[in-house]
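Enquirer: Task: produce atomic coordinates for the following.
(2 chains)
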Amino acid sequence: MSELVKEATDMNLNDLVMEHEALVIDCWAPWCAPCRMIAPAVENLAGKYRGRIAFAKLNTDRNPLTPREYGIMGIPTLLIFKNGELVHRIVGALPENILENEILKALDMG
Amino acid sequence: MEEYDLLIIGAGPAGLTAGIYGARSGLKTKILEAMMVGGQTALSPMIENYPGFPEIDGQGLMKAFRDHAERYVEIEEGFEVEEIRPTEGGFIVKSDDEELRSSAVILATGAEHRKLGVPGEEELSGKGVSYCATCDGFFFKGKRVVVVGGGNTAVTEAIYLLDIGVDVTLVHRRDQLRADKALGDRYLSKGGSIEWNTVVSRIEGEGKVERVVLKDTVTGEEREMAVDGVFISVGIVPKTELARRLGVETDETGYVIVDKKQATNVQGVYAAGDITGGVRQIVTGCGQGAIAALSAYEYITHEKWSQ
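Expert: Next up, the predicted model:
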């Protein structure tokens, strides 16, 4: 896992949500091809918005509680939190520019 | 407005190959992809019939295609073409905020999952409605779902879901499956159930799938069934909206009609890959992409000479 994209788990998710004004959690699993497709985009966006938006990845195989809590029914799902609240979710693989626009819009940064 | 010799719509195997051939022929070429490079192939967990690669995952193969294509040709992801408009000596290709001009166009937009077209399907997509059991099935362990369809893909997906511990009912509009008998038998022997002569007429729920309304195709009777998920597997359809609006002819099953040169009925417009139907293999998409690009080259150079 890179420095830019933190690792989220069932244990630390709430802390991450509370610690960051703007946070994107990429819920993924190793067997999920579309998740691997968007991984580079998430990495790029984490670099581009370093210090403004925090990015973390959560492996849903190892962390089953979070998907249940947030009613995740397909991955990749990006959960977007603003000031501790879930404000938007993006389901499915989308190109980087569309992910970027949706994330900025959800965080009122667009 | 940026001018090109050749614009290719779609970056799956056909579009990427067309890009390589177009650019290497000396045409100023660009590939426009509405979503992400690789198309449906990139989602395939394992490919065993592409020569030279006895076993490769779809994403790995498409990464190799992309790296190869990018040696020669520019690829833009997230460029959703809204319209292709004929203009003097070529075409204007438009997204919501950009316009490009080109002498020839290759349509390689591929195919997508066929939708049921019932209320609730779109609103609850990704909230319990899914078109890929191997992608999303995991989250339905211990839950109840319906799989809609009766072909090999539908039954294979239903078996996969049973195997990972999902409570599955197959909903099929006829009184027998189109799938191979062996597959159907395997599904039943694993404890799967089938609702024959039944269609889904509505998908309902607040923010997530909670139930489906099933309709008996013989009696017309409707009834509700509580479910957490709806997996739709009723075939694929070519993405031909742009083509049709441009006046490109399609056959009775919806696929774009092309000749041996991959040319459509509209001068300067070629098509390659799944959008043209046929056996829909990676290797045939590549072959068609190469032919389309070489035909476009011939067309463009001939047009330029004759002017």
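Enquirer: any idea of the mean pLDDT for the host helix or strand of B:Glu224?
Expert: Here B:Glu224, judged by DSSP states H and E, is contained in strand B:222-226. The average of the pLDDT scores along strand B:222-226 is 97.
Enquirer: The following helix or strand past that strand and chain A, are they touching?
Expert: Where DSSP H and E defines the elements, the next helix or strand beyond strand B:222-226 is strand B:229-232. Yes. Residues of strand B:229-232 are located near chain A by CB under 8 Å from any CB of the partner chain, namely B:Gly229. Backbone N, C-alpha and C define where each C-beta goes, glycine included.
Enquirer: which bits of chain A sit near chain B?
Expert: So chain A meets chain B at A:29, A:31-34, A:36-38, A:60, A:67, A:71-75, A:77, A:91-98 (CB under 8 Å from any CB).
Enquirer: Partner strands of the strand holding B:Glu224 and their direction?
Expert: When pairs are called by DSSP bridges, strand B:222-226 turns out to pair with strand B:211-216 (antiparallel).
Enquirer: what separates B:Lys208 from chain A, distance-wise?
Expert: Distance, B:Lys208 to chain A, using CB to the nearest CB, to the nearest Å: 6 Å.
Enquirer: Ok, B:Leu27 next?
Expert: 25 Å.
Enquirer: burial of the residue nearest to A:Leu79 when sequence neighbours are not counted, as a residue count?
Expert: Counting by CB to CB, 6 or more residues apart in numbering or on different chains, A:Leu79 lies nearest to A:Ile25, which is 4.3 Å off, once chain neighbours are set aside. Counted with other CB atoms under 10 Å in any protein chain shown, the neighbours of A:Ile25 add up to 24.
Enquirer: contacting residues around A:Ile25?
Expert: Shown in contact with A:Ile25 (CB atoms under 8 Å, 6 or more residues apart in numbering or on different chains): A:8, A:13, A:16, A:56-58, A:66, A:78-81.
Enquirer: Apply 6 Å and report the result again.
Expert: Shown in contact with A:Ile25 (CB atoms under 6 Å, 6 or more residues apart in numbering or on different chains): A:8, A:56, A:58, A:79.
Enquirer: Could you do A:Ile103 as well?
Expert: Going by CB under 6 Å, 6+ apart, A:Ile103 touches A:Val24.
Enquirer: Helix or strand: which one has it?
Expert: Using DSSP H and E, A:Ile103 sits in helix A:96-106.
Enquirer: can you map out the helices along chain A?
Expert: Remark: helices assigned in chain A by DSSP state H are A:13-19, A:33-48, A:65-69, A:96-106.
Enquirer: Which of those sits closest to B:Glu206?
Expert: Among the helices of chain A, helix A:65-69 comes nearest to B:Glu206, with 17.6 Å by CB to CB.
Enquirer: For the closest one, buried residues please.
Expert: For helix A:65-69, the neighbour count (16 or more other CB atoms under 10 Å in any protein chain shown) marks A:66-67 as buried.
Enquirer: In contact with the closest residue in space to B:Gly149 that isn't next to it in sequence, which residues?
Expert: Among residues not flanking B:Gly149 along the chain, B:Ser233 sits closest, at 3.9 Å (CB to CB, 6+ apart). Shown in contact with B:Ser233 (CB under 6 Å, 6+ apart): B:149, B:153-154, B:157.
Enquirer: Can you list which of those residues are found in helices?
Expert: If you go by DSSP H, these have B:153-154, B:157 in helices.
Enquirer: Name the surrounding residues that touch the strand holding B:Glu224.
Expert: Under CB under 6 Å, 6+ apart, the answer for strand B:222-226 is B:211-215.
Enquirer: can you do 10 Å?
Expert: Residues from elsewhere that reach strand B:222-226 (CB atoms under 10 Å, 6 or more residues apart in numbering or on different chains): B:144, B:146, B:169, B:171, B:195, B:198, B:200-202, B:204-205, B:209-216.
Enquirer: for the stretch 51-200 of chain B, what spans make up the strands?
Expert: Using DSSP state E, counting those that start in this stretch, the strands of the stretch 51-200 of chain B run over B:74-77, B:83-87, B:90-94, B:99-107, B:111-113, B:129-130, B:144-148, B:167-171, B:193-195, B:198-204.
Enquirer: No more questions from me, cheers.
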